[in-house]
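Participant: need coordinates for the following:
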Amino acid sequence: MKAIISIDIGLAGGITIFEQKDNICRIVDCIKMPIVKIETKPAKFKFNLLNGKKQYYKTGSEKGKPKMIQTSPAEYSRELDIHKVLKIFNSYEAKTIVFEEPGNSTGNAAKATATTNRNYGKLLALAEISKANIVTVPANKWKKDLGLTKDKLQCVEFAEKIFNMNFRTKNNALLDGQAESALIGYWYITENSNK
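Facilitator: Below is the predicted model of the structure:
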């Protein structure tokens, strides 16, 4: 199947796969952005001391090894799982991949802006490897064309209405990344059907 794939590029974003047959598009799948946790700082340990002497395990599989106490936990960051993303692109034989461009970084932390731009670059490279047609669109363009604002709830409600799908968790939290990825694809399909 040749697919149109649309992506909200954030780590909390989403990927939506559309199948197009005879000028009719339908959503085949809509998933959360695949991410992986990467250890950025290992946990720290020190010897367990009793009266200034190291303590050792006396039995079990750790017998003879020193007892350790964790002094600080490991730290992790979330990153794109590029292997899963490329697998999605290839398994659906992406014909066109539509990306939301990184937004204006005014008011955002420098680290968050750098992460977003790095992930955008990774996604573009994966799309190029998959040999798909690449389309990019600023958020303000597709939202304006669909009559939407920056309001996440408005986007979720609009996506639920036009796709007749639920974009919320069991606890009613918004899955706005997935909803917006679906809307990006909807914008692309409706823009191109009018040409």
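Participant: count the neighbours of the closest residue to residue 128 other than its chain neighbours for me.
Facilitator: Distances taken as CB to CB, 6 or more residues apart in numbering put residue 134 closest to residue 128, at 6.9 Å, once the chain neighbours are dropped. Glycine gets a C-beta too; all of them are placed from N, C-alpha and C. Counted with other CB atoms under 10 Å, residues neighbouring residue 134 total 15.
Participant: where are the low-confidence patches of this protein?
Facilitator: Low-confidence segments of the chain (pLDDT under 70): 1, 22-23, 104-108, 193-195.
Participant: show me the strands in it, by range?
Facilitator: Applying DSSP state E to the chain gives strands spanning 3-8, 14-21, 24-32, 35-41, 44-47, 49-50, 53-54, 68-72, 75-80, 94-100, 133-137.
Participant: how far away from the center of its chain is the longest helix along the chain?
Facilitator: The residue-count maximum for a helix in the chain (DSSP state H) belongs to helix 110-129. How far helix 110-129 lies from its chain's middle: 11 Å, per CA atoms, centre = their mean, to the nearest Å.
Participant: other SSEs contacting that helix?
Facilitator: strand 75-80, helix 82-91, strand 94-100, strand 133-137 (3 or more CB pairs under 8 Å, 6 or more residues apart in numbering; DSSP states H and E).
Participant: mind listing what's buried in the last one?
Facilitator: Applying a neighbour-count criterion of 16 or more other CB atoms under 10 Å, one finds 135, 137 buried in strand 133-137.
Participant: quick check: angle from it to helix 110-129?
Facilitator: Angle, strand 133-137 to helix 110-129, by axes from the mean of the first three to the mean of the last three CA atoms, to 10 degrees: 150 degrees.
Participant: the inter-axis angle of strand 133-137 versus strand 3-8?
Facilitator: Put simply, strand 133-137 runs at 30 degrees to strand 3-8, going by the same axes, to 10 degrees.
Participant: do the same with the first one
Facilitator: Using the same axes, to 10 degrees, the direction of strand 75-80 lies 140 degrees away from that of strand 3-8.
Participant: what's strand 75-80 packed up against?
Facilitator: Going by 3+ CB pairs under 8 Å, 6+ apart, strand 75-80 lies up against strand 35-41, helix 110-129.
Participant: next one: the shortest one
Facilitator: Other elements packing on strand 133-137 under the criterion 3+ CB pairs under 8 Å, 6+ apart are strand 94-100, helix 110-129, helix 176-193.
Participant: what's the closest of those to residue 29?
Facilitator: Closest approach to residue 29 among the helices and strands packed on strand 133-137 (CB to CB): helix 176-193, 10.1 Å.
Participant: quick one: contacts of that closest one?
Facilitator: Applying CB atoms under 8 Å, 6 or more residues apart in numbering, the external contacts of helix 176-193 come out as 4-8, 10, 12-16, 18, 20, 23, 25, 27, 30-33, 96, 98-100, 135, 137, 142, 145-146, 148, 152, 155-156, 158-160, 162-163, 165, 167.
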